[in-house]
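S.K.: take a look and give me a structure for this.
(one chain, ligands or ions: 1)
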Amino acid sequence: MSGSAGSSHTNKELFERACRVIPGGVNSPVRAFKSVGGVPFFVSRGKGAYLFDEEGKGYIDYIQSYGAVILGHADDRITTAIDHAALSGSTFGAPTLSEIILAEMIVDRVEGCDMVRLTSSGTEAAMSAIRLARGFTRRDKVLKFDGCYHGHSDALLVGGGSGIASLGIPDSIGIPRDAVSNTIVAPYNEIPPIDDSYAAVIVEPVAANMGLVPPNAGFLEELRRLCSENGVVLIFDEVITGFRISSGGASEYFGVIPDLWCFGKVIGGGLPIGAFAGRQEIMELLAPVGPVYQAGTLSGNPLATAAGVTVLSLLDESMYHRLASTAERLAQGLNDALTNSGIEAHVPRVSSLVGLFFGSETVTNYTSAKKSVSIGLYPKFFRGMLNRGVALAPGPYEAIFPSLSHTQIEVDRTIEAAAEAANLLIDRGAVNC
Ligand SMILES: Cc1ncc(COP(=O)(O)O)c(C=O)c1O
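M.R.: This next block holds a predicted model:
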């Protein structure tokens, strides 16, 4: 598929140029093609379900900025809102009306959530939620789950999924042992021993950074029960699931209400944003009301809040229904394309989030996710899809994100591409696909 004339640069040239001034040529490791081979394509523009690279090649895009873009790229309503906001000034260091409106929209949609503090990224949101939980409980220990990713702050960068997993890095050097000495890591989907020594349990209610792993029946409910019993703050990291899997996010979808939430991605309409939110009793411990300090020069940025308010105002029930139907068609089609070709695979789906695991085993945690990835088919499938104009994430531990711009046409073309890529995996012994 070719979309525009393209620039005079090839992706290879741009990658070499990028590597001279940007470590690894990318500003976030998940964008590297290290785990799938080859060089990244450099995006010149996106529109709706499509991306176009600097060579002029078009792709049906399922990365969608790792979930930050739910309407599709360059949606006219979002770009108009951003233009309008920018004309009035891009940042002030003083409060604005659109921060209030975005916070009200979040509070209205999420049951049990009274107050919101905006940040500029999901990393900040999760890091700050942990600090707040520690301040509230006056305890230090935090429990997280293996393969869940909560951003790259020191205390949470243990047992992380996403880029950490794709690159096969155990965690990260440069983190003092003391910074993680109070972080306990437990297997996802197993009920950990929780007692009153913990400040917080943080969990992705649908794990979407080790591939897509839904919570087992009762898992979230039991975490809620144990946290309540022991005075532990339960944090749902909904940076991916928030306002994506339903209008009230995962807490509404599963009917389990945490004490604190982390949001990001969707609520910024594609601009840098994050948020943490929760019960008033906890949130009012934040400075300037309380003694837990947290801040940010660009927090609640007017461009990001304008985009966020616009996107949330457009996401009504009919949109969620449409997005979930698109995802259902995609998941079923991918599953059929792979299994009809004799390839063992699973295509999990939760509402509009889709995953892909090769192998016969159902994946329920990071150990089984890694086992599936070790089969080694993802890089070959990824390249087969990319060669056919379909961009999946360049790493096996990411989710597949259809947007509201993906229609039956894009989904059916994706499924056709998957059938061809799958047949080639078999025919050519999984080489040169
Ligand atoms: C569940 C989850 N939490 C936190 C983050 C960190 O967000 P950000 O990349 O905006 O810092 C991510 C990023 O992918 C995420 O998926």
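S.K.: among the helices and strands of the protein, which has the poorest mean pLDDT?
M.R.: Within the chain, confidence by mean pLDDT, DSSP states H and E is lowest for helix 162-166 among all helices and strands, at a mean of 60.
S.K.: tell me the first helix or strand C-terminal of it.
M.R.: helix 177-180 (DSSP states H and E).
S.K.: so how far is that next one off the chain centroid?
M.R.: The chain centroid and the centroid of helix 177-180 are separated by 26 Å, computed with CA atoms, centre = their mean, to the nearest Å.
S.K.: please point out which parts of that helix sit buried.
M.R.: V180 (16 or more other CB atoms under 10 Å). The C-beta positions use only the backbone N, C-alpha and C, and glycine is treated the same way.
S.K.: residue numbers of the stretch 251-400 of the chain in contact with the ligand?
M.R.: Residues of the stretch 251-400 of the chain lying near the ligand by CB under 6 Å from any ligand atom: G264, G274.
S.K.: how many residues are close by the closest residue to the ligand within the stretch 101-250 of the chain?
M.R.: The minimum distance from the stretch 101-250 of the chain to the ligand, using CB to the nearest ligand atom, falls at G122 (2.3 Å). As a burial measure, G122 scores 30 neighbours (other CB atoms under 10 Å).
S.K.: tell me the confidence at it?
M.R.: Looking at G122, its pLDDT stands at 98.
S.K.: from A49, how far out is it?
M.R.: Distance, G122 to A49, by CB to CB, to the nearest Å: 24 Å.
S.K.: same check, this time on M105
M.R.: Taken as CB to CB, the span from M105 to A49 is 25 Å.
S.K.: so where do the helices sit in the stretch 301-433 of the chain?
M.R.: Secondary structure of the stretch 301-433 of the chain (DSSP state H, counting those that start in this stretch): helices at 302-314, 317-340, 366-374, 378-387, 408-427.
S.K.: please apply the same query to the stretch 51-200 of the chain.
M.R.: Going by DSSP H, counting those that start in this stretch, the stretch 51-200 of the chain shows helices at 64-67, 76-87, 97-109, 122-137, 162-166, 177-180.
S.K.: tell me the domain ranges of the protein?
M.R.: Following automatic domain parsing, one finds the domains of the chain at 11-62+317-427, 76-314.
S.K.: now do the same for the residue nearest the centre of the chain: its pLDDT.
M.R.: The structure's the chain has its C-alpha centroid closest to I240; by CA atoms, centre = their mean the separation is 3.9 Å. I240 carries a pLDDT score of 98 in this model.
S.K.: surely it and F263 touch.
M.R.: No: with contact defined as CB atoms under 8 Å, I240 does not reach F263; the gap is 9.6 Å.
S.K.: what stretches of the stretch 151-300 of the chain score poorly on pLDDT?
M.R.: 161-170 (pLDDT under 70).
S.K.: ok, now how distant is the residue nearest to S405 when sequence neighbours are not counted from the ligand?
M.R.: Using CB to CB, 6 or more residues apart in numbering and skipping the chain neighbours, the partner closest in space to S405 is G72 (2.6 Å). For G72, the distance to the ligand equals 19 Å [CB to the nearest ligand atom, to the nearest Å].
S.K.: count the neighbours of the residue of the stretch 251-400 of the chain found nearest the ligand for me.
M.R.: Of the stretch 251-400 of the chain, the residue with the smallest distance to the ligand, taken as CB to the nearest ligand atom, is G264 at 4.7 Å. Per other CB under 10 Å, the neighbour tally for G264 reads 28.
S.K.: need phi/psi at it.
M.R.: Dihedral pair for G264: phi -180, psi -150, per degrees, to the nearest 10.
S.K.: again with the one 4 residues further on
M.R.: Here is the backbone geometry of G268 (degrees, to the nearest 10): phi -110, psi 0.
S.K.: in this structure it contacts A304, no?
M.R.: Yes: with contacts counted by CB under 8 Å, G268 reaches A304, the gap being 4.6 Å.
S.K.: sorry, back to before: so how far is E204 from the residue nearest to the centre of the chain?
M.R.: Taking CB to CB, one finds I240 at 7 Å from E204.
S.K.: before we move on, what about L143?
M.R.: 13 Å.
S.K.: more crowded one of those two?
M.R.: E204 (26 against 21).
S.K.: that one touches D237, doesn't it?
M.R.: Yes: between E204 and D237 there is a contact under CB under 8 Å: 5.1 Å.
S.K.: shared neighbours of these two, anything?
M.R.: Jointly contacting E204 and D237 under the rule CB atoms under 8 Å, 6 or more residues apart in numbering are C148, H150.
S.K.: got a list of what the residue nearest to S405 touches?
M.R.: K47, G48, A49, Q64, S403, L404, S405, H406.
S.K.: equivalent analysis for V142, please.
M.R.: Contacts of V142 by CB under 8 Å, 6+ apart are 130, 133-134, 155-156, 182-184, 198-202.
S.K.: picking up where we left off before, what about the residue nearest to the centre of the chain, which SS state?
M.R.: Of the three states, I240 takes coil under DSSP: H, G, I helix; E, B strand; the rest coil.
S.K.: cool, the one 4 residues further on as well?
M.R.: At R244, secondary structure determined by three-state DSSP is coil.
S.K.: make residue 1 into 39 and carry on from there
M.R.: Sure, I'll start counting at 39 from here, so that last one is R282.
S.K.: V388 is in contact with that one, correct?
M.R.: No: look at R282 against V388 with CB under 8 Å: they stay out of range, at 9.7 Å.
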